[in-house]
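Asks: only the shape, not the letters, is given here:
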């Protein structure tokens, strides 16, 4: 038998480590590989031959790893470019050197592109002793074909909970006030839409619908006139019809050429105050908290993330299994359930699944019942959290050891 390698890339989530735990546990139960290696800091670290042995992870460490937020193996924003042949050659040489048969790569859209690119290179050069498998994760929930992405549900639960709790806080005062909650979501509005699970959102702004300043101010005024309050949720990627972002700050330096956004909430605050629509605004940008708040994990989310890792491992018992992503498919029926399936990574990479426009209500009024029905089961349940010294226990990041 040979070795397998599991690595992480892109932005972390609160359940990304559960997929790693699933791969490790699956190999302990059904040892397809002699050794399970962890690649530190994704492709970037693999090219530097930085590995850790995860094969004999204890049951306790495996449990704690599942509740550990962020990427315990470290992440990267390293773009594996198809015209940079040297990277491909070096990576194959390293896999040969360490007798690594299979690379499990956990990440979002760009990570699935890495899986696709490596598989294409291997096929083109008749390399049959190395395989590449994608395991999806992204809080943005914007990967095609999979019903939803591990990591999204826990972020959605945190956002909906925050919306409910901040709404309660804002309403203790009789004064007129607009509260603005800003979420992540450069290209897709899934995270912002999840705030509607609280039942408290008055105005919802998503990237899927062009921003109209006058329409927005009218919606805010309507809420203020009716109840002296207005609860606004905005996705960071909210933009005008010409594609320009309403965000106050914008750059393109995340390593993949994507705009790094921030400030949409503050931009809305300025519009509201300068127009006299309301006398007072408060802005809460959830920033990094929405993707790393592991004590708010959804039980459904962490369980599915772990099971997906196990499923990906089991799929590779088939020596022809490569170039695919293992996704989640919802099973029809009265009770929520899922199954795991495989699809070619190149059918996922470089595509974005937006929040369905038919689920968006007119006048920035939120989302429809069908959307709520899709979202609600994903945030159900809370795992039993292991605590140490009053705080959630976590695995010391492997890249810090």
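Replies: Sure, I can see it. This is a predicted model, so every value here is computed, not measured.
Asks: what residues does the helix or strand containing residue 225 touch?
Replies: Here residue 225 sits within helix 213-227, counting by DSSP states H and E. Helix 213-227 has contacts (Cβ atoms under 8 Å, 6 or more residues apart in numbering) with 176, 178, 202-203, 205, 229-232, 268, 271-272, 275, 277-278, 363-365. Where C-beta positions appear, they are placed from N, C-alpha and C, glycine not excepted.
Asks: same thing but at 6 Å, please
Replies: The set of residues external to helix 213-227 that reach it, using Cβ atoms under 6 Å, 6 or more residues apart in numbering, is 202, 203, 230, 275, 277, 278, 363, 364.
Asks: now list the buried members of those.
Replies: In terms of neighbour count (16 or more other Cβ atoms under 10 Å), the buried residues within those are 202, 203, 230, 277, 278, 364.
Asks: about what we covered before: list the buried residues in the helix holding residue 225.
Replies: Going by 16+ other Cβ under 10 Å, helix 213-227 has these buried residues: 216, 217, 219, 220, 221, 223, 224.
Asks: ok, now stretch 229-245?
Replies: Burial within stretch 229-245, assessed by neighbour count using 16+ other Cβ under 10 Å, is assigned to 229, 230, 231, 232, 233, 234, 235, 236, 237, 238, 239, 245.
Asks: that one spans what distance, first to last residue?
Replies: Length of stretch 229-245, first residue to last, Cα to Cα, to the nearest Å: 26 Å.
Asks: distance from the chain centre to it, please.
Replies: Remark: stretch 229-245 is offset 20 Å from the chain centroid, using Cα atoms, centre = their mean, to the nearest Å.
Asks: can you start the count at 483 instead of 1 from here on
Replies: From this message on, residue numbering opens at 483, which makes the last subject stretch 711-727.
Asks: who touches it?
Replies: Contacts of stretch 711-727 with the rest of the structure, by Cβ under 6 Å, 6+ apart, involve 649, 659-669, 671, 674, 677, 682-689, 692-693, 702, 705-706, 728, 743, 746-747.
Asks: just stretch 800-818 next, same as before
Replies: Here stretch 800-818 makes contact (Cβ under 6 Å, 6+ apart) with 594, 601, 613-614, 616, 618, 627-629, 790, 793-794, 797, 819-827, 830, 859.
Asks: and if you look at stretch 842-854?
Replies: Where contact means Cβ under 6 Å, 6+ apart, the residues beyond stretch 842-854 that reach it are 675, 678, 683, 685, 686, 691, 701, 841.
Asks: next, the buried residues of it.
Replies: 842, 846, 847, 848, 849, 853, 854.
Asks: okay, buried residues for stretch 524-543 please.
Replies: Taking 16+ other Cβ under 10 Å as the basis for neighbour counts, the residues of stretch 524-543 that come out buried are 524-529, 532-534, 536-537, 539, 543.
Asks: distance to residue 500 for the residues you listed - can I get that in CSV?
Replies: Output for the buried residues of stretch 524-543, formatted as CSV (distance: Cβ to Cβ, whole Å):
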residue, distance to residue 500
524, 18
525, 21
526, 23
527, 21
528, 21
529, 26
532, 22
533, 21
534, 17
536, 14
537, 18
539, 13
543, 13
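Asks: biggest separation within those residues, which pair?
Replies: The most widely separated members of the buried residues of stretch 524-543, counting by Cβ to Cβ, are 529 and 543 (26.9 Å).
Asks: pull the number of nearby residues for residue 575.
Replies: For residue 575, the neighbour count with other Cβ atoms under 10 Å is 10.
Asks: give the helix, strand or coil label for it.
Replies: Secondary structure assignment for residue 575 (DSSP: H, G, I helix; E, B strand; the rest coil): helix.
Asks: residues near the nearest residue to residue 657 once chain neighbours are set aside, how many?
Replies: Residue nearest to residue 657 in three dimensions, not counting chain neighbours: residue 762, with 6.5 Å by Cβ to Cβ, 6 or more residues apart in numbering. Neighbour count for residue 762, taken as other Cβ under 10 Å: 13.
Asks: can you tell me how far residue 762 is from residue 809?
Replies: Separation of residue 762 from residue 809 (Cβ to Cβ, to the nearest Å) stands at 45 Å.
Asks: likewise for residue 650?
Replies: Plainly put, residue 650 is 37 Å away from residue 809 if you go by Cβ to Cβ.
Asks: comparing those two, which residue is more hemmed in?
Replies: With other Cβ under 10 Å as the criterion, residue 650 and residue 809 differ in neighbour count, and residue 809 comes out ahead with 25 against 11.
Asks: give me the nearest residue to the more buried one, chain neighbours excluded.
Replies: Setting aside the residues directly before and after it, residue 809 is nearest to residue 628 in space (Cβ to Cβ, 6+ apart), at 3.4 Å.
Asks: which parts of stretch 857-868 are buried?
Replies: Result for stretch 857-868 [16+ other Cβ under 10 Å]: buried residues 857, 859, 860, 861, 865.
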